[in-house]
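[1] when you get a sec, could you give me coordinates for this:
(2 chains)
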2 protein chains.
Amino acid sequence: MDSMNGIDNVPETATRKIKAFFESAPPLKDVAEIETKLKEFVYRNSSSSENGKINRVVCVTSGGTTVPLEKRCVRYIDNFSSGHRGAASTEYFLKAGYSVIFLYRRGTCQPFCRSLPDDPLLECFTSTDHSSIQVDPSHAEVVKRAISENRSAVNGGFLLKLPFTTIFEYLQILRLIAGSLRSRGPSAMFYLAAAVSDFYVPWESMTVHKIQSGSGPLDMRLAQVPKMLYVLRNEWAPVAFCISFKLETDTDILLGKADMALKKYKMHMVVANELSTRKEEVIVVTEQEKIAVRRDKTQAGADVEDPLIKLVVDRHSAYIKHSDA
Amino acid sequence: MDSMNGIDNVPETATRKIKAFFESAPPLKDVAEIETKLKEFVYRNSSSSENGKINRVVCVTSGGTTVPLEKRCVRYIDNFSSGHRGAASTEYFLKAGYSVIFLYRRGTCQPFCRSLPDDPLLECFTSTDHSSIQVDPSHAEVVKRAISENRSAVNGGFLLKLPFTTIFEYLQILRLIAGSLRSRGPSAMFYLAAAVSDFYVPWESMTVHKIQSGSGPLDMRLAQVPKMLYVLRNEWAPVAFCISFKLETDTDILLGKADMALKKYKMHMVVANELSTRKEEVIVVTEQEKIAVRRDKTQAGADVEDPLIKLVVDRHSAYIKHSDA
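    I've put the predicted structure just below:
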């Protein structure tokens, strides 16, 4: 999301660019419905919990955003992301007592469903006759756990799932969430694991119909998506604890870019990960430190998100304490 | 897939371009496994059926292909397609007694699953406690039918599912299928409903690492995907019955383009559909006719694929008869 340019020119241009981006974006459907859900969710989770601690809430973003290339959309550019990181992190945040707003790309990995096969309904169930269905014994445990843990989090009011597809939907819903969490002050967190498009075709300059393929190669000019992290941190959610992610395929530039993002957007933490090793290890970059977080290889099925969320929760506690002081 | 240019220059250039495309494509994984599955499937379905009729087999392609923009793929261009047409058509082909090779984009709509919600496992099931799960009564019928009909088609050996993601995988598997169906002569059909990318970044000119976003707008030049329909029809499957699809968002150019595809690639049928009305009506274009096929609006839940496959099967019968004569 960030550039290697200097950091001085961000404030004056970012706000203007983002204003233009939102003005030209196709309007979000179901705004009222999303606002109602958010209001109810925040209300339900805003009272102090039984032990007198303020309930914490995190917005976890997950999966990649798409950029339409045509208004009546046939083609689009997508950012690869299985949503595994966001889904796993959501599970550990719930375990740590957080309420979670899970802003996810449609069709990506869901919390508690990570060990299921691609198409669980067709792959995990058998039918003896038309009147009864059964879970395959080999999948029974994971299927039961997925269903019961998801239900208990959703029905208990600890997990609110909001789907998106395009970059336009993602950013507009994120802004609504930030607005609804403002009252929560430092006990709110943004954990921005989604893979957000860097480039897009501005809506007003987009072709209406399918691009025709008759006349040789296709030349495209894509504009940069304005740096949303800056506006989130400074305008939408100035008091919340903010964590962004930096994914690269080239290790040599990863830490430099993570460090730049931390400074430029004043993030509290940046999680740096390299595409090929991201399930084994991440580097957490803060103003003072660079901390390598690795999954526990001695335990079967251990996730890197387990120690990662422990570290994040720990730093969030310190942040809340410091804000109260 | 086609161009509005003249049709004279196709033969000499198509073969050369496709050869270059395959030579530069990343090699397909699991070739041996796919070949074994195809061999077994074709063998099982090649004997005459009980009533003495030759068993027919159709390859239905479904969903959109992706075009990677980077070798270690973070970004790609995708063609929109829910896979609904391919899934529905597969059901009607099975009903008509065909064996079906379903070449589908990972994650798209599966046969018998069209009326299920997005995430059937989490939306259709409840868990009373950790040891038992139940289907919601409101979803029970569709869930049971999906599971039992899918199982019976797959276990009965009438339905072989092969997934793809990229344009490279799609075209390489399609070529393997064509090879395996060659022995079936005119009783084999290709029903090419997948939304295939028109443009791609040739593998050898692709950047290895994630494209960096620091330096202003991104200019991209995409090459045209070679016209595969020509090679399929003339080299890979010269005796099979071939149906291609033409999707446009602009009605004014749709029929002209469908007609051009029919002539240029010598398809037996082209199914023309307009993005916004494609679930209500299609126009089937053959050498002699243009036939409007509409869903039966007097019946709740009726599909346009029901009359469409009836027409296709009818024309395929005539084709087989004519080939035998």
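[2] please count neighbours and contacts with C-alpha atoms only from this point.
    OK.
[3] can you map out the strands along the stretch 151-300 of chain A?
    For the stretch 151-300 of chain A, the strands defined by DSSP state E, counting those that start in this stretch occupy A:159-164, A:188-192, A:199-200, A:218-224, A:241-248, A:269-274, A:281-285, A:290-294.
[4] near chain B, which residues of the stretch 51-200 of chain A are found?
    A:72-81, A:107, A:118-122, A:125-133, A:144-148, A:150-151, A:198-199 (CA under 8 Å from any CA of the partner chain).
[5] so which of those residues are in helices?
    The helices, defined by DSSP state H, take in A:120-122, A:144-148, A:150-151 from these.
[6] tell me the two of these that are most distant?
    Spatial extent of these (CA to CA) is set by the pair A:L122 and A:R151 at 20.7 Å.
[7] lowest confidence element among the helices and strands of chain A?
    In chain A, the helix or strand scored least confidently by mean pLDDT, DSSP states H and E is strand A:125-129, which has a mean of 75.
[8] could you give me the buried positions within that strand?
    A:125-127 (16 or more other CA atoms under 10 Å in any protein chain shown).
[9] also stretch A:90-100?
    For stretch A:90-100, a neighbour-count test (16+ other CA under 10 Å) marks A:90-94, A:98-100 as buried.
[10] just the CA trace of that stretch, in PDB.
    Extracted C-alpha coordinates of stretch A:90-100, given in PDB (Å, rounded to 0.1, in the frame of the first residue of the first chain):
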ATOM      1  CA  THR A  90     -10.200 -14.200  14.200                       C
ATOM      2  CA  GLU A  91     -10.300 -17.500  16.000                       C
ATOM      3  CA  TYR A  92      -7.500 -16.500  18.300                       C
ATOM      4  CA  PHE A  93      -9.000 -13.000  18.900                       C
ATOM      5  CA  LEU A  94     -12.300 -14.700  20.000                       C
ATOM      6  CA  LYS A  95     -10.300 -17.000  22.200                       C
ATOM      7  CA  ALA A  96      -8.600 -14.000  23.800                       C
ATOM      8  CA  GLY A  97     -12.000 -12.500  24.700                       C
ATOM      9  CA  TYR A  98     -12.300 -10.000  21.800                       C
ATOM     10  CA  SER A  99     -15.500  -9.300  19.800                       C
ATOM     11  CA  VAL A 100     -14.600  -9.500  16.200                       C
END
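[11] quick one: average pLDDT of it?
    Averaged across stretch A:90-100, pLDDT comes to 96.
[12] sorry, back to before: so what strands line up beside the least confident helix or strand of chain A?
    strand A:132-135 (antiparallel) (DSSP bridges).
[13] and the residue lying closest to A:I283 once chain neighbours are set aside, how far from chain B?
    The shortest distance from A:I283 to any non-neighbouring residue, by CA to CA, 6 or more residues apart in numbering or on different chains, is to A:A292 (4.5 Å). A:A292 sits 23 Å away from chain B, going by CA to the nearest CA, to the nearest Å.
[14] show me the contacts for A:I34.
    A:162, A:173 (CA atoms under 8 Å, 6 or more residues apart in numbering or on different chains).
[15] what does the pLDDT read for it?
    97.
[16] got a list of contacts for stretch A:309-317?
    In contact with stretch A:309-317 (CA under 8 Å, 6+ apart) are residues A:89, A:92-93, A:96, A:187, A:241.
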